[in-house]
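Trainee: fold the following for me, if possible:
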Amino acid sequence: MNIVITGASRGIGRATAELFAANGHHLYLSSRNETALYKAMEELMLKFPDVTIKARPYDLSKKENAIAMGDWIVSLDIPVDVVFNNAGSFLPGNVYNEKEGILESQLETNLYSAYHLTRTILPKLMKQKSGHIFNMCSVASLQAYRNGGSYSISKFALLGFSRNLREELKPHGIKVTTVIAGAAYTDSWSSSGIDRNRFMEASDIAKMIYASSQLSPQACVEEIVMRPQLGDV
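Mentor: Sure thing, here's the model as predicted:
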């Protein structure tokens, strides 16, 4: 299988890339941070020498870059089996007092990146009549999130995008899975001072994504909802 992952240099994206590679699948990775991306690619190549791993840095919050990444994937002329739209960011704040431009920034990073990349790759998936799209949502897609503001708004929108895609793509043999996750321990939480055991592991989410990708063509996991054992942080 050929696996496309955005936001792949760390956290959930990196954990998912590693799990797919460990099972012999080929990786096509992207991240905004060029240095971190190529470091991750090098480490994965050393660990899994029999797997094809390619990477290109893109800031997918920019429409032209999301389209450029899609064009790169299409130009490789390979079957595309999985697209994991994982690129995203969290900017805290409240609607009433967050800085001007935060809504636009969060929508560009958390929604438009997935929208434009997916639209660019979809004609290929529709032609091959197969493929599996995973969109990285959040528990903030389901309910108001404390200090969530525009982040939560953008994740609600991404959930709507995912649900629409699922309905549209049923006749084309393309699966869509929405990953609705609570807090997993990644770099963004490392300085929080909260006990690591209070969080899920990034690998927990990766395992659920991988398992969902391995089902028969007749089965689709529409939504994965995961939270820490003790509930939301």
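Trainee: C-alpha from now on. contacts and neighbour counts both.
Mentor: Will do.
Trainee: geometric centre of the protein: which residue is closest?
Mentor: A centroid search over the chain (Cα atoms, centre = their mean) returns residue 86, at 1.7 Å, as the residue closest to the centre.
Trainee: got the contact list for that one?
Mentor: Neighbour list for residue 86: 5, 6, 7, 8, 12, 13, 135, 136 [criterion: Cα atoms under 8 Å, 6 or more residues apart in numbering].
Trainee: please apply the same query to residue 17.
Mentor: By Cα under 8 Å, 6+ apart, the contact set of residue 17 is 5, 8, 27.
Trainee: so which strand or helix has it?
Mentor: Following DSSP states H and E, one finds residue 17 within helix 11-22.
Trainee: avg pLDDT for that helix?
Mentor: Mean pLDDT, helix 11-22: 96.
Trainee: next one: that helix to chain centre, how far?
Mentor: How far helix 11-22 lies from its chain's middle: 11 Å, per Cα atoms, centre = their mean, to the nearest Å.
Trainee: buried stuff in that helix?
Mentor: 11, 12, 13, 14, 15, 16, 17, 18, 19, 20, 21 (16 or more other Cα atoms under 10 Å).
Trainee: looking at those, which is nearest residue 114?
Mentor: residue 13 (14.0 Å; Cα to Cα).
Trainee: sheet partners, orientation included, of the helix or strand bottoming out on mean pLDDT in the chain?
Mentor: Every helix and strand of the chain was ranked by mean pLDDT, DSSP states H and E. The lowest is strand 184-185, at a mean of 84. Taking DSSP bridges as the criterion, strand 184-185 forms sheet pairs with strand 200-201 (parallel).
Trainee: what kind of secondary structure is the nearest residue to residue 109 once chain neighbours are set aside in?
Mentor: Of all residues not flanking residue 109 in the chain, residue 61 sits nearest, at 4.3 Å (Cα to Cα, 6 or more residues apart in numbering). Classification of residue 61 by DSSP: H, G, I helix; E, B strand; the rest coil places it in coil.
Trainee: roughly how far does residue 61 sit from residue 139?
Mentor: Remark: distance between residue 61 and residue 139 (Cα to Cα, to the nearest Å) = 21 Å.
Trainee: which of those two has more residues huddled nearby?
Mentor: Between residue 61 and residue 139, counting by other Cα atoms under 10 Å, residue 61 is the more crowded of the two (23 against 20).
Trainee: and stretch 212-230, what's buried?
Mentor: Buried-residue list, stretch 212-230, by 16+ other Cα under 10 Å: 212, 213, 220, 221, 223, 224, 226, 227, 228.
Trainee: and what of stretch 132-148?
Mentor: In stretch 132-148, counting by 16+ other Cα under 10 Å, buried: 132, 133, 134, 135, 136, 137, 138, 139, 140, 141, 145, 148.
Trainee: can you show me the helices along this protein?
Mentor: 11-22, 34-47, 63-75, 102-107, 113-128, 149-169, 202-213 (DSSP state H).
Trainee: mean neighbour count, these: which tops it?
Mentor: Of the helices of the chain, the one with the most neighbours on average (mean count of other Cα atoms under 10 Å) is helix 11-22, at a mean of 22.
Trainee: got a pLDDT number for residue 187?
Mentor: 69.
Trainee: same check on residue 202?
Mentor: Reported pLDDT for residue 202: 93.
Trainee: isn't it right up against residue 186?
Mentor: Yes. If you go by Cα atoms under 8 Å, residue 202 and residue 186 touch, sitting 6.9 Å apart.
Trainee: who touches both of those two?
Mentor: 11, 12.
Trainee: right, I'll leave it there.
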